[in-house]
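Colleague: Got a predicted structure here, sequence first:
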Protein chains: 2
Amino acid sequence: MNKEELLKCHQRIVPFVHATPVLTSSLIDKRLGCKVFFKCENFQRTGAYKIRGATNAILKLGDEERKKGVVTHSSGNFAQAVSLAAKSLGVPAHIVMPTSAPKVKKEGVVTYGGIIYECEPTVEARQTMADKISHDTGATFLHPSNDLNVIIGQGTAAMELLNEQPDLDVIFCPVGGGGLIAGSSLTAKYFGKNCKVIGGEPMEADDAYRSLISGKIEGNETVNTIADGLRTTLGDVNFPIIKEHVAKIVCVTEEEIISAMRLVWERMKIIIEPSSAVALAALIRDNQENASDYQNKKVGVIISGGNVDLNQLPF
Amino acid sequence: MNKEELLKCHQRIVPFVHATPVLTSSLIDKRLGCKVFFKCENFQRTGAYKIRGATNAILKLGDEERKKGVVTHSSGNFAQAVSLAAKSLGVPAHIVMPTSAPKVKKEGVVTYGGIIYECEPTVEARQTMADKISHDTGATFLHPSNDLNVIIGQGTAAMELLNEQPDLDVIFCPVGGGGLIAGSSLTAKYFGKNCKVIGGEPMEADDAYRSLISGKIEGNETVNTIADGLRTTLGDVNFPIIKEHVAKIVCVTEEEIISAMRLVWERMKIIIEPSSAVALAALIRDNQENASDYQNKKVGVIISGGNVDLNQLPF
């Protein structure tokens, strides 16, 4: 991986994704004693950054592969991202979704032209059905976070943020499956000036925090967190990148997540999902514990998405 | 009133207010068959357009008047707007608030440096106390919507929208006390190219709709609407402007307001208050009733504010 490849990835996907805005809040700056720049992927197509990686992975396929289509399994944002990215490129998209997936997410996939296959809500059932579809149709399997083309696509959000704010001292990312933070850490290395990357993770699903300590990929026994996008674990493609390039991971409570989410909703008037609030909550906590690290510094926060169910709000 | 005065007003307040963004939604455009441009005053300082008129009114005061301060009565956005505008200009702000005003609004006034005077929650008590403060301190009374300097200040939101989109065919505004729509209709006259202005009003507080029919200012017997900013009635300064320059007023149900609010929250990922949703709801209704008027037209919508109580959402 080098700078040139990351730049090419960005050029490749630019026609298919939004250049999302970078927003600030004078109240949050004042409270934290530093300048915070929010990269708002909640305004991205399909409401989350995932379209970046999905688009890059499909664009990297050859003509023959594109004809045969792509297949993924996801109950969340990646399903919609693959559906829309594939539609934009005229590629069939086979989406395996658990029977338990929310109706609104299924409708999203249908709107974007994805073909849904329902399966039992277990990891095994999802992978088995995806493998079968891949075998039967020749479709290429796309993993939501453990695929290098997906990872570097996700990194383009931080790249755009650094284009606008080249002097960032640190970027905070939420950590779920590890694709976003791995991609962001590569971008920060090549496009930042000594820009650190710090991950935010719910205490209730702190697998990445524990993985960095143990040096091997750890799982979660339970994932009782409101941050529904962060219930997954790292993979063997992104973990080595994270180990090498991520400064640390800060874990936060459910209360801290909800409080950060509320702060952004009330003060910035934008809708962010709980997983995005985890990154800000991690900044707030680290700012409290290590205030001197942040005095007059410039901090980036990746707001990963804005897909919330308004019928199930924590307020 | 002429074009030059409106331009001067804008130049006067520009250092003290945000130039808020204009956002679009491809989904809403597709659904309505026209291009819709949302002027996002929910991102304005204090979370609503009211700071524009408050700032203009205070800047128009002489040095002696400024020293004596300003006084207003409001339980809502105007109280915070006057407090912050006065603070920015070093002017004392006396704010009469009913004892029933929400705690969060009182805290906002205190944060922005306003001095609160509590009174009984009746129109008479509020005016009596404001008059007394004005008499005792020499402070100038500022009306939230029935003051020409306030009105033309509010019109600068539509002016900025027309700067960005000079070819708008129509602008939709919510109608409460009448300040925003009166100001917007003046701006549309001088800066638009045959740009109509249409008001949106809750059926549950349709005084402006009835006033335009009867030709005199009508009141509301009840105001059972979620659009808390629109429960007030027109005044003798803004009504003649509205009568002359507003094309029509479209009334909407509470269901339509909540549904429009939900559409913006879910699809545009921004927080708008119910009063703002009334303008979009009016566009959606008029678009259904007169679809051919909107084919391929350019439509502006003033999103007046984003101050909602997250503990009292209608979803």
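Modeller: Yep, that arrived.
Colleague: Run through the residues that contact the closest residue in space to A:Val264 that isn't next to it in sequence.
Modeller: Once flanking residues are discounted, A:Val264 sits nearest to A:Ile272: 5.2 Å by CB to CB, 6 or more residues apart in numbering or on different chains. All C-beta spots, glycine's among them, are computed from the backbone N, C-alpha and C. Contacts of A:Ile272 were listed using CB atoms under 8 Å, 6 or more residues apart in numbering or on different chains, and they are A:42, A:261, A:264-265, A:303, A:305-306, B:269.
Colleague: Check whether A:Ile272 sits in a helix, strand or coil.
Modeller: Following DSSP: H, G, I helix; E, B strand; the rest coil, we place A:Ile272 in the coil state.
Colleague: how long is stretch A:16-31 from one end to the other?
Modeller: This stretch, stretch A:16-31, spans 37 Å end to end (CA to CA, to the nearest Å).
Colleague: Which residues does it contact?
Modeller: Against stretch A:16-31 from outside (CB under 8 Å, 6+ apart): A:35-41, A:43-45, A:51-52, A:55, A:85, A:88-89, A:156-157, A:160-161, A:164-165, A:263, A:267-268, A:270, B:21.
Colleague: Among those, name the buried ones.
Modeller: Buried subset of the contacts of stretch A:16-31 (neighbour count, 16 or more other CB atoms under 10 Å in any protein chain shown): A:35-41, A:43-45, A:51-52, A:55, A:85, A:88, A:156-157, A:160-161, A:165, A:263, A:267-268, A:270.
Colleague: who touches A:Asp228 in this structure?
Modeller: Per CB under 8 Å, 6+ apart, neighbours of A:Asp228: A:76, A:273-275.
Colleague: switch to 7 Å and redo it
Modeller: For A:Asp228, the contact set (CB atoms under 7 Å, 6 or more residues apart in numbering or on different chains) comprises A:76, A:274-275.
Colleague: so what's A:Cys9 closest to, chain neighbours aside?
Modeller: Spatial nearest neighbour of A:Cys9, chain neighbours left out: A:Ile152 (4.9 Å); criterion: CB to CB, 6+ apart.
Colleague: Report the mean confidence score over the helix or strand containing that neighbour.
Modeller: In the assignment (DSSP states H and E), A:Ile152 maps to helix A:148-154. On average, the pLDDT along helix A:148-154 is 98.
Colleague: that older thread, so which of the buried ones among the contacts of stretch A:16-31 are also by chain B?
Modeller: Filtering those for neighbours of chain B using CB under 7 Å from any CB of the partner chain leaves A:43, A:270.
Colleague: Among the buried ones among the contacts of stretch A:16-31, which are located in strands?
Modeller: Among the buried ones among the contacts of stretch A:16-31, the residues falling in strands (DSSP state E) are A:35-40.
Colleague: Pretty sure A:Met97 sits against A:Lys106.
Modeller: Yes. With contact defined as CB atoms under 7 Å, A:Met97 reaches A:Lys106; the gap is 6.2 Å.
Colleague: number of nearby residues for A:Lys269?
Modeller: The local packing of A:Lys269 (other CB atoms under 10 Å in any protein chain shown) involves 24 other residues.
Colleague: Quick check: the gap between it and chain B.
Modeller: Distance check for A:Lys269 against chain B: by CB to the nearest CB, to the nearest Å, it reads 4 Å.
Colleague: One more: A:Arg66?
Modeller: From A:Arg66 to chain B the distance is 24 Å (CB to the nearest CB).
Colleague: got the residue ranges for the strands in the stretch 51-200 of chain A?
Modeller: Along the stretch 51-200 of chain A, counting by DSSP state E, counting those that start in this stretch, strands occupy A:70-73, A:93-98, A:115-119, A:140-141, A:170-174, A:196-202.
Colleague: OK, contacts around whatever residue of the stretch 51-200 of chain A ends up closest to chain B?
Modeller: Closest residue of the stretch 51-200 of chain A to chain B, CB to the nearest CB: A:Val104 (8.9 Å). Applying CB under 7 Å, 6+ apart to A:Val104 gives the contacts A:Asp309.
Colleague: for A:Gln127, same thing?
Modeller: By CB under 7 Å, 6+ apart, the contact set of A:Gln127 is A:His73.
Colleague: What of A:Leu161?
Modeller: Counted by CB under 7 Å, 6+ apart, A:Leu161 has contacts A:22, A:37, A:39, A:300.
Colleague: want to try TSV for those, with pLDDT as columns?
Modeller: As requested, those are exported to TSV (pLDDT from 0 to 100):
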residue	pLDDT
A:Val22	97
A:Phe37	98
A:Lys39	98
A:Gly300	98
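Colleague: Closest one of those to chain B?
Modeller: Chain B lies nearest to A:Val22 out of those, by CB to the nearest CB, at 12.0 Å.
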